[in-house]
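Visitor: Here is the input, now give the coordinates:
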Amino acid sequence: MHDDSSLVEARLRRVLTERVKPHVHTRAVPLDIAVWQAPGEPVPVAEGLAAPYEPTAAGREWGPAWGTTWFRVSGRVPREWAGRTVEAVLDLGFDRMMPGFQCEGLVFRPDGEPVKALNPYNDWVRVAERARGGEEVEYFVEAASNPVLVHHQPTYEGDRLTASDQPLYRLARMDLTVFEPEVWELVQDLEVLGALVEQLSRGEARRHGILRAVERCLDALDLADVPGTAARARERLTGVLASPAHASAHRVSAVGHAHIDSAWLWPLRETVRKVARTSSNMVNLMEDHDDLVFAMSQAQQFAWLKEHRPEVYAKVCKQVAAGRFVPVGGMWVESDTNMVGGEAMARQFLYGKKFFLDEFGIETEEVWLPDSFGYTAALPQLVKLSGARWFLTQKISWSQINKFPHHTFWWEGIDGTRVFTHFPPIDTYNSDLGGEQLAHAARNYQEKGAASRSLAPFGWGDGGGGPTREMLARARRTRDLEGSPRVEVERPGAFFEKAHSEYPHAPVWQGELYLELHRGTYTSQAKTKQGNRRSESLLREAELWAATAAVRVPGHRYPRAELERIWKTVLLHQFHDILPGSSIAWVHREARETYARVREELTAIIDAAQSALAGAGDRPMVFNGAPHARGPLPGGGAGPAPEPTGAPVTVSGRADGGHVLDNGLLRVEVDERGLIVSAFDLASGREAVAPGAVAGLLQLHPDFPNMWDAWDIDAFYRNNVTDLTGVDELDLTHTGPDRATVRVSRTFGDSSVVQTVTLRAGARSVDLETEVDWRETEKFLKAAFPLDVKADRSAAETQFGHVFRATHTNTSWEAAKFEICAHRWLHVEEPGWGAALVNDSTYGHDVTRDIRPDGGQTTTVRLSLLRAPRYPDPETDHGTHRLRYALVPGASIGDAVREGHAINLPERTVTGSGEPVEPLVSVSDEGVVVETVKLAEDGSGDVVARLYESLGSRAAVRLRPGFPVAGTAETDLLERPLAEGSALSTGPDGGLRVTLRPFQIVTLRFHVAG
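Guide: Prediction:
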């Protein structure tokens, strides 16, 4: 037989595109269209329905950037359509090359009931299954003219304050049509078979059998009467569609999904509407398709729906009860996990899971983070302590260099906890269940021979409207189809149960899941990161002092509702495109405003609690909000202002210019350029700064990655560097027994910087403050500390512990980590001596090593201070920044933990009685950190304390509650008693003892006696 397969394939493509698809909707009748442009921000639905509309027509322009335009469409079903299925096709001017990221609409009935959304691949509304001739039709459309911002070009359209007011869209079509079900089904048949043919090898008999059936189908189709002959054409395909899958075919659990970024190329307020549109689509689709299962994560998005679209939420709740609309994730948002603080990560689970339990009675078991930019090694323990069992992401498939070796595996965290984890091999969280993607999932799956199933999240996200009826049709046809993986639409939990049962001894991956991409997100939008870090610190203080006052001061109210509201605000802004700095200017402008309000409100809570605890009087009292003692002040306690301790700071001149600062513990030399040329640890007799090098050096790099401006830094940025050593002015701004400060000012490019170097009495650290007026574009600012330490690895703080990373580049895995994330501190050491860098708001770091001519090793630690990408915010980080960090020579990891907390939790001084305030909860070993002290979420008045082992070693400590206790229990993150809790015991003296394994987190709940 001659091979005419390419001829048949070409025929299929043309007939399907030009003849069959255009006949899904026939007999189009234009609807009457009227329009009203809402002024400013979106208006309530009632106002939109009652607005003064004016006539318009298809082809007219509409919609300035970020505007809301209301359309009223009306008409009458022609009498000759009686008994036919009628749909309205409402095309707002969609770009069919994109499933989302553009204009969208939500359709309402005249009474204000939402019907469904309008999206590029979902622009129809079912009017009637069996229409009545003469039936009147009227709909209202709330249309959002969101600008298209996905092209990775600098633009000022990303903020309504700077966006154009010109129309962005042109109304394409608003018609009443007859929906032809047999034609639609034929389209689905041909698309599935055509896609399958493309994936089968040219030598497979199955491929040729399908093409012969397609040829017979097309021969039976009258192109002049497609609706009338579609059923006859479909009959020719029955046999090839009924041929069952191979026994060994890969199994795909398809889960309906719509990944909706809580903010990204649109502001938070638009996400509220995106969630409503997609949810409306899903409940509408469920009415006609009982095989749809849809999973939605992010409790925040459910809460938005409840607040802003209660009528949609009621329908969602009904489908949740039916098991078809499935809450997943158990977190408040799909947060970043690199930079979020430990307690904040715990609260993501607490408030996320609590919402789903309170609203639906559902204990979510799968943690769902498909799109975050890497995953902290602290996460497995938090997952387990939240009551979850499974973890899912696909983002690691984006790594540029190394292919991750597993798709299903046990992920082991820093404490040894393991969680069963799956990476969908389909490599997308927006699958359309097309043949190419299904074949990729099967080919790509790395557990072949040991396991046989994977998960595929399907549906258009970010304004695409979620799963479509076409996707469900593909799932039905590939449920058992020869040549295709077997596809079954089911709940995520069903997949995980089957996968775990099939593959209980899956391989283990220990440590972080580092994404070899998007490393710039540790630094972009510094003010957002600073707002997050400071909000986390303020929340710790607010809960600590408010709980202490509530227990100790009769009548002092614990502001539980206010704290919960503020926590949820901070958690929202930890979303994986807000905290990482990869959203439009509007998002980050609002974030800065929000963090300012949060700071004001939390400061008021702290002030009120400290005032109550201090009592009446005019004696200065110092409150230590850090978990470690500061001199005579215990962590979490307060007392009279202590007398200065330690030798006074002396200042002398250097022979070559500059100054020598000495406090008896450290001797610091600052040269005539304002750079640290020596930081000598007097106790050990060790120099911290590498020979011939300078510390605190600002370095400027070009920063123009190949793509993903705000997200990425590419390794070649290091090829060019400018050391900022020019001096405009150098002086001593403070000299006295308590401290000495050297101040230097510099200018570079269009920017200027003022740096101070301060040594304080009794301090084992040298403090640096850098105030930058940053006006650069596509530049990267680093602060370098070349240290005389032979360190083969660095230790970087992560949530509730730290993670080690190699300083060498022996393998591609290590070389890929040329930029790393650390929280409050990063530490390097050789046996017997080390040094730490601590900071108050910086996350990006790099650590490199070099061998000097003298044979010694220089380990250079650099902090990533500022970037200046132009997309998606063209003026990223322009403005004034104040960044604080400190070098701690001779530091152990324990010193790094203590100093990291200290720089983020400065002492507060108030006036009062002078009577000491004992800590509410204290422990006998500073290696165990009391991270959180608060009152219980249920309003019972119980005290909750969260501890963790910080050094990576075993610990057994005595625990002392500073109040009478009637009972103590070990709990999970939701403050529920742990069935298997084993950390808490009673010592021989009757006191409480806590035993912790390395990096273990323990949450204790104390019932207050009396």
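Visitor: any idea how far M345 is from the nearest residue to A344 once chain neighbours are set aside?
Guide: Of all residues beyond its chain neighbours, the one nearest A344 is E536 (5.4 Å), with distances taken as CB to CB, 6 or more residues apart in numbering. Using the backbone N, CA and C atoms, a C-beta is placed for each residue, glycine as well. For E536, the distance to M345 equals 10 Å [CB to CB, to the nearest Å].
Visitor: Spatially central residue in the chain, please.
Guide: H576 (2.2 Å; CA atoms, centre = their mean).
Visitor: which residues sit in contact with it?
Guide: By CB atoms under 8 Å, 6 or more residues apart in numbering, the contact list for H576 reads D261, V333, E334, S335, D336, L369, D371, S372, F373.
Visitor: One more pass at 6 Å, please.
Guide: E334, D336, S372 (CB atoms under 6 Å, 6 or more residues apart in numbering).
Visitor: From those, pick the one nearest A688.
Guide: D336 (32.2 Å; CB to CB).
Visitor: between E536 and M345, which one's more packed in?
Guide: Each of E536 and M345 has its neighbours counted (other CB atoms under 10 Å); M345 has more, 25 against 20.
Visitor: in what helix or strand does the more buried one lie?
Guide: Assigned by DSSP states H and E, M345 falls within helix 342-360.
Visitor: What residues of that helix count as buried?
Guide: 342-357, 359-360 (16 or more other CB atoms under 10 Å).
Visitor: And the pLDDT at the residue nearest to T271 when sequence neighbours are not counted?
Guide: Nearest residue to T271, sequence neighbours excluded (CB to CB, 6+ apart): S262, at 5.2 Å. With respect to pLDDT, S262 scores 98.
Visitor: Could you do G990 as well?
Guide: 69.
Visitor: what does the one 3 residues further on give?
Guide: The predicted local confidence for R993 comes out at a pLDDT of 95.
Visitor: where's it, which helix or strand?
Guide: strand 992-996.
Visitor: Could you name the helices and strands sitting against the helix holding M345?
Guide: Using 3 or more CB pairs under 6 Å, 6 or more residues apart in numbering; DSSP states H and E, the elements in contact with helix 342-360 are helix 560-572.
Visitor: List the contacts of the strand holding R993.
Guide: By CB under 6 Å, 6+ apart, the residues outside strand 992-996 that reach it are E949, A955, A956, V957, R958, L959, A983, L984, S985, G987, V1002.
Visitor: Closest one of the residues you listed to G855?
Guide: Using CB to CB as the measure, the one of those that approaches G855 most closely is E949, at 37.4 Å.
Visitor: excluding its backbone neighbours, what's nearest the closest one?
Guide: That would be L996: by CB to CB, 6+ apart, it lies 4.2 Å from E949.
Visitor: before we move on, what about T162?
Guide: Per CB to CB, 6+ apart, closest to T162 is Y156, 4.1 Å.
Visitor: And the one you found, how far from T880?
Guide: Here Y156 is placed at a distance of 21 Å from T880 (CB to CB).
Visitor: ok, the two, which is more surrounded?
Guide: Shown here are Y156 and T880; by other CB under 10 Å, Y156 has more neighbours (15 against 10).
Visitor: So, low pLDDT: which residues of the chain?
Guide: The chain contains residues with pLDDT under 70 at 1, 990.
Visitor: Determine the longest helix present in it.
Guide: Scanning the chain for the longest helix, with DSSP state H as the assignment, gives helix 585-614.
Visitor: Following that one in sequence, what is the next regular element?
Guide: Next in line after helix 585-614, if elements are assigned by DSSP H and E, sits strand 619-624.
Visitor: which outside residues touch that next one?
Guide: Q610, A614, R630, L633, A638, A641, E907, R908, T909, V910, G912, G914.
Visitor: helices and strands around the longest helix of the chain, which ones?
Guide: Helices and strands touching helix 585-614, by 3+ CB pairs under 6 Å, 6+ apart, are helix 526-552, strand 908-912.
Visitor: now the angle from that helix to helix 526-552?
Guide: 30 degrees (axes from the mean of the first three to the mean of the last three CA atoms, to 10 degrees).
Visitor: can you give me how far helix 585-614 is from the chain middle?
Guide: 22 Å (CA atoms, centre = their mean, to the nearest Å).
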